[in-house]
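*Asks:* got a structure for you, letters missing:
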(Lines give C-alpha, C1' and ligand atoms only; values in the text may rest on other atoms or scores of the structure.)
Protein backbone atom coordinates (compact mmCIF):
# COMPACT_ATOMS: atom_id res chain seq x y z
CA UNK A 1 0.00 0.00 0.00
CA UNK A 2 1.42 3.37 -0.94
CA UNK A 3 0.58 6.10 1.52
CA UNK A 4 0.92 9.63 0.24
CA UNK A 5 1.55 12.29 2.84
CA UNK A 6 1.95 15.82 1.60
CA UNK A 7 1.82 17.17 5.16
CA UNK A 8 2.00 15.77 8.66
CA UNK A 9 -1.76 15.99 9.17
CA UNK A 10 -3.52 12.62 9.49
CA UNK A 11 -6.18 13.80 7.04
CA UNK A 12 -3.53 14.16 4.32
CA UNK A 13 -2.48 10.50 4.49
CA UNK A 14 -4.45 9.16 1.55
CA UNK A 15 -4.37 5.47 0.70
CA UNK A 16 -3.38 4.60 -2.84
CA UNK A 17 -3.37 0.89 -3.56
CA UNK A 18 -1.58 -0.64 -6.48
CA UNK A 19 -3.56 -2.95 -8.72
CA UNK A 20 -3.34 -6.49 -7.35
CA UNK A 21 -2.25 -5.36 -3.86
CA UNK A 22 -3.80 -7.99 -1.56
CA UNK A 23 -2.56 -6.72 1.82
CA UNK A 24 -5.42 -6.56 4.28
CA UNK A 25 -6.78 -3.21 5.30
CA UNK A 26 -9.39 -2.50 7.92
CA UNK A 27 -11.88 0.26 8.48
CA UNK A 28 -12.53 1.55 11.97
CA UNK A 29 -15.58 -0.72 12.42
CA UNK A 30 -13.45 -3.76 11.54
CA UNK A 31 -10.84 -2.74 14.08
CA UNK A 32 -13.42 -2.26 16.82
CA UNK A 33 -14.72 -5.78 16.18
CA UNK A 34 -11.21 -7.28 16.09
CA UNK A 35 -9.92 -5.56 19.22
CA UNK A 36 -12.98 -4.71 21.29
CA UNK A 37 -11.82 -1.09 21.44
CA UNK A 38 -14.29 1.69 20.71
CA UNK A 39 -13.92 4.00 17.72
CA UNK A 40 -13.44 6.88 20.18
CA UNK A 41 -10.55 5.01 21.82
CA UNK A 42 -8.92 4.39 18.44
CA UNK A 43 -9.20 8.08 17.55
CA UNK A 44 -7.84 9.03 20.98
CA UNK A 45 -4.82 6.72 20.63
CA UNK A 46 -4.07 8.33 17.28
CA UNK A 47 -4.51 11.81 18.74
CA UNK A 48 -2.07 11.21 21.63
CA UNK A 49 0.43 9.38 19.43
CA UNK A 50 0.06 5.79 20.63
CA UNK A 51 -0.90 5.06 17.04
CA UNK A 52 0.87 6.78 14.19
CA UNK A 53 -1.28 8.86 11.86
CA UNK A 54 -3.67 6.43 10.24
CA UNK A 55 -3.87 6.38 6.46
CA UNK A 56 -7.12 7.63 4.97
CA UNK A 57 -9.02 7.16 1.79
CA UNK A 58 -9.66 10.17 -0.46
CA UNK A 59 -13.00 10.56 1.34
CA UNK A 60 -11.31 10.63 4.76
CA UNK A 61 -12.12 7.10 5.96
CA UNK A 62 -9.41 5.70 8.22
CA UNK A 63 -7.68 2.59 6.87
CA UNK A 64 -5.81 0.43 9.39
CA UNK A 65 -3.17 -2.19 8.55
CA UNK A 66 -2.06 -5.43 10.17
CA UNK A 67 0.79 -3.44 11.73
CA UNK A 68 -1.76 -1.09 13.35
CA UNK A 69 -3.73 -4.09 14.67
CA UNK A 70 -0.53 -5.58 16.12
CA UNK A 71 0.26 -2.26 17.81
CA UNK A 72 -3.26 -2.05 19.28
CA UNK A 73 -3.01 -5.59 20.66
CA UNK A 74 0.36 -4.70 22.20
CA UNK A 75 -1.28 -1.67 23.87
CA UNK A 76 -4.10 -3.84 25.18
CA UNK A 77 -1.72 -6.44 26.64
CA UNK A 78 0.35 -3.70 28.28
CA UNK A 79 -2.80 -2.16 29.79
CA UNK A 80 -3.78 -5.55 31.23
CA UNK A 81 -0.37 -5.54 32.93
CA UNK A 82 -1.37 -2.20 34.43
CA UNK A 83 1.03 -0.02 32.47
CA UNK A 84 -0.20 3.57 32.10
CA UNK A 85 -0.64 5.12 28.66
CA UNK A 86 2.56 7.13 29.21
CA UNK A 87 4.44 3.94 30.11
CA UNK A 88 2.94 2.21 27.08
CA UNK A 89 4.16 5.05 24.87
CA UNK A 90 7.67 4.39 26.22
CA UNK A 91 7.28 0.65 25.67
CA UNK A 92 6.15 1.25 22.09
CA UNK A 93 9.28 3.31 21.47
CA UNK A 94 11.40 0.59 23.04
CA UNK A 95 9.56 -2.01 20.93
CA UNK A 96 11.21 -0.56 17.83
CA UNK A 97 14.70 -1.58 19.05
CA UNK A 98 14.19 -4.17 21.80
CA UNK A 99 17.87 -5.16 22.13
CA UNK A 100 18.98 -1.57 22.80
CA UNK A 101 16.04 -0.93 25.11
CA UNK A 102 16.37 -4.15 27.07
CA UNK A 103 17.66 -2.52 30.28
CA UNK A 104 15.04 0.24 30.14
CA UNK A 105 12.25 -2.30 29.62
CA UNK A 106 13.56 -4.36 32.52
CA UNK A 107 13.69 -1.29 34.79
CA UNK A 108 10.17 -0.15 33.86
CA UNK A 109 8.81 -3.66 34.35
CA UNK A 110 10.59 -3.98 37.70
CA UNK A 111 9.00 -0.74 38.92
CA UNK A 112 5.58 -1.97 37.73
CA UNK A 113 6.07 -5.24 39.60
CA UNK A 114 6.94 -3.33 42.80
CA UNK A 115 3.72 -1.31 42.45
CA UNK A 116 1.70 -4.50 41.98
CA UNK A 117 3.34 -6.16 44.99
CA UNK A 118 2.47 -3.13 47.16
CA UNK A 119 -1.12 -3.24 45.93
CA UNK A 120 -1.34 -6.95 46.63
CA UNK A 121 -0.18 -6.32 50.19
CA UNK A 122 -2.91 -3.66 50.62
CA UNK A 123 -5.51 -6.00 49.14
CA UNK A 124 -4.49 -8.84 51.49
CA UNK A 125 -4.84 -6.46 54.47
CA UNK A 126 -8.25 -5.34 53.22
CA UNK A 127 -9.35 -8.95 52.71
CA UNK A 128 -8.31 -9.88 56.26
CA UNK A 129 -10.13 -6.87 57.70
CA UNK A 130 -13.32 -7.69 55.78
CA UNK A 131 -13.10 -11.35 56.85
CA UNK A 132 -12.75 -10.27 60.47
CA UNK A 133 -15.76 -7.96 60.16
CA UNK A 134 -17.86 -10.74 58.61
CA UNK A 135 -16.90 -13.10 61.43
CA UNK A 136 -17.76 -10.45 64.04
CA UNK A 137 -21.08 -9.83 62.33
CA UNK A 138 -21.97 -13.54 62.36
CA UNK A 139 -21.32 -13.83 66.11
CA UNK A 140 -22.86 -10.51 67.19
CA UNK A 141 -26.42 -10.31 68.46
CA UNK A 142 -26.38 -6.55 68.99
CA UNK A 143 -25.76 -3.94 66.31
CA UNK A 144 -23.70 -4.46 63.22
CA UNK A 145 -19.92 -4.55 63.64
CA UNK A 146 -19.44 -3.78 59.93
CA UNK A 147 -21.39 -0.50 60.11
CA UNK A 148 -19.80 0.35 63.46
CA UNK A 149 -16.32 -0.22 62.06
CA UNK A 150 -17.01 1.94 59.02
CA UNK A 151 -18.38 4.68 61.28
CA UNK A 152 -15.24 4.54 63.45
CA UNK A 153 -12.93 4.78 60.40
CA UNK A 154 -14.89 7.79 59.10
CA UNK A 155 -14.22 9.75 62.30
CA UNK A 156 -10.44 9.26 62.23
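*Replies:* Cool, got the structure. This is a predicted model, so every value here is computed, not measured. Numbering: from 1, shown residues only.

*Asks:* next SSE after the longest helix belonging to the chain?
*Replies:* Identified as the longest helix of the chain according to DSSP state H is helix 98-139. Following helix 98-139 in sequence order, the next helix or strand is helix 145-154 (DSSP states H and E).

*Asks:* quick check: angle from that following helix to helix 98-139?
*Replies:* Computed with axes from the mean of the first three to the mean of the last three CA atoms, to 10 degrees, the direction of helix 145-154 lies at 120 degrees from that of helix 98-139.

*Asks:* Could you list every helix and strand that helix 145-154 packs against?
*Replies:* Judged by 3 or more CB pairs under 8 Å, 6 or more residues apart in numbering; DSSP states H and E, the packing partners of helix 145-154 are helix 98-139. (C-beta placed from N, C-alpha, C; glycine too.)

*Asks:* Can you give the distance of the helix it packs on from its chain's centre?
*Replies:* The chain centre lies 19 Å from the centre of helix 98-139; the measure is CA atoms, centre = their mean, to the nearest Å.

*Asks:* Packing partners of that helix?
*Replies:* Packed against helix 98-139 by the contact rule (3+ CB pairs under 8 Å, 6+ apart) you find helix 85-95, helix 145-154.

*Asks:* most packed of the ones you listed?
*Replies:* Most buried of these, by mean neighbour count (mean count of other CB atoms under 10 Å): helix 85-95, with a mean of 16.

*Asks:* Just want the angle from it to helix 98-139.
*Replies:* Using the same axes, to 10 degrees: helix 85-95 against helix 98-139 is 150 degrees.

*Asks:* Identify all contacting residues around helix 85-95.
*Replies:* Here helix 85-95 makes contact (CB atoms under 8 Å, 6 or more residues apart in numbering) with 48-50, 71, 74-75, 78-79, 83, 101, 104-105, 108, 112.
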